[in-house]
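In: prediction below, plus the sequence it came from.
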Amino acid sequence: MNDLRLQLNGRPLSISVRRLMIAGFTGRNSGSVREHIRELERHGIPSPPSVPAFYHLDPHLLSTAKSFEVNSAAISGEAEATLVFPDDQLDNALVGVGSDLTDRMLERKSIERAKLLPKPLGAQVWRLRDVRDCWDELQLTSWVAPGPARRCYQKGTLSALLRPEEIIERLPPEIRGDLANTVLFLGTIPLCDAQFVFSDYFACELVDPGRGSLRCEYVLRNAPTFCRPTPSDVTR
């Protein structure tokens, strides 16, 4: 178990996470997903075992920390909405925002192994039932530089991705009926450019114009920047 400390409406909340899952290839447009898979294959990244794909990871990778140590020069983040399940009911799920750190060089050999990295998560959460009616309008954005020089890395709405109930329906049956204490990353939106950026800084935000925003921000330490690949070395 990983005891995760969150905040809901300004009040502390603790969830003992026993399962961490990353959903991939969750785009709502199936044609675009197939084209994305073909593009990845052209760059040597293997096809996923299923669409959507689900990757089971150690729940201790999940953290609300602001700084993480890594040992690869080819790591980049992806902004993702997340669901946190206090029990088995989707209606009681909590919405968060996090980052799926991935080693882009290792990804060419194994997508699952490439994801064996910390999974940053913002501490603030909403109740899913409070934003379910406006889900498609929620705005997801990420940046790869801090302050005034910040560079937009991803920008879009959750309408680009399958809705939570659709992703849950496609989970393996044994998990679909046993969601308590699970954290599920729901997939990411396209990059603003066609290239990954390897940066020591990453921030992402999920915005409901009428409610405010959820934010996840962190820095990476000890990455061997002297041999860090240029963005053109790995293309999304």
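Out: Right, received. Where do you want to start?
In: contact partners for residue 4?
Out: Residue 4 is in contact with 14, 15, 16, 17, 62, 64, 84, 121, 183, counting by C-beta atoms under 8 Å, 6 or more residues apart in numbering. Where you see a C-beta, it was placed from the backbone N, CA and C, and this is true even at glycine.
In: just name the shakiest helix or strand of the chain by mean pLDDT.
Out: Least confident helix or strand, the chain: helix 30-42 with a mean of 86, by mean pLDDT, DSSP states H and E.
In: quick check: buried residues in that one?
Out: Neighbour-count burial for helix 30-42 flags 33, 37, 40 (criterion: 16 or more other C-beta atoms under 10 Å).
In: just put these in a markdown table and tack on distance to residue 103.
Out: Compiled in a markdown table, the buried residues of helix 30-42 are given as follows (distance: C-beta to C-beta, whole Å):
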| residue | distance to residue 103 |
| --- | --- |
| 33 | 22 |
| 37 | 19 |
| 40 | 15 |
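In: what is the nearest of those residues to residue 143?
Out: Lowest distance from residue 143 to the buried residues of helix 30-42 (C-beta to C-beta) belongs to residue 40, with 23.9 Å.
In: so where does residue 174 fall, helix or strand?
Out: helix 173-176 (DSSP states H and E).
In: and the contacts of the least confident helix or strand of the chain?
Out: Contacts of helix 30-42 (C-beta under 8 Å, 6+ apart): 25, 27, 46, 47, 48, 51, 236.
In: bridging residues for the residue nearest the centre of the chain?
Out: Centroid-nearest residue in the chain: residue 80, 3.3 Å away (criterion: C-alpha atoms, centre = their mean). Using DSSP bridges, the beta-bridge partners of residue 80 come out as residue 98.
In: ok, then the element right after the helix or strand that contains residue 96?
Out: For residue 96, the element it lies in under DSSP H and E is strand 94-99. Downstream of strand 94-99, the next assigned helix or strand under DSSP H and E is strand 102-103.
In: chain center to that following strand, what's the gap?
Out: 12 Å (C-alpha atoms, centre = their mean, to the nearest Å).
In: and which of the buried residues of helix 30-42 is nearest residue 206?
Out: Among these, residue 33 lies closest to residue 206 (C-beta to C-beta), at 21.6 Å.
In: how much space separates the closest one from residue 187?
Out: Using C-beta to C-beta, to the nearest Å, we find residue 33 at a distance of 10 Å from residue 187.
In: swap in residue 203?
Out: Taking C-beta to C-beta, one finds residue 203 at 19 Å from residue 187.
In: quick one on the thing from earlier: can you point out the buried residues in the next helix or strand after the least confident helix or strand of the chain?
Out: Next helix or strand after helix 30-42 toward the C-terminus (DSSP H and E): strand 53-57. By neighbour count on 16+ other C-beta under 10 Å, the buried set for strand 53-57 is 53, 54, 55, 57.
In: nice, that's everything, thank you.
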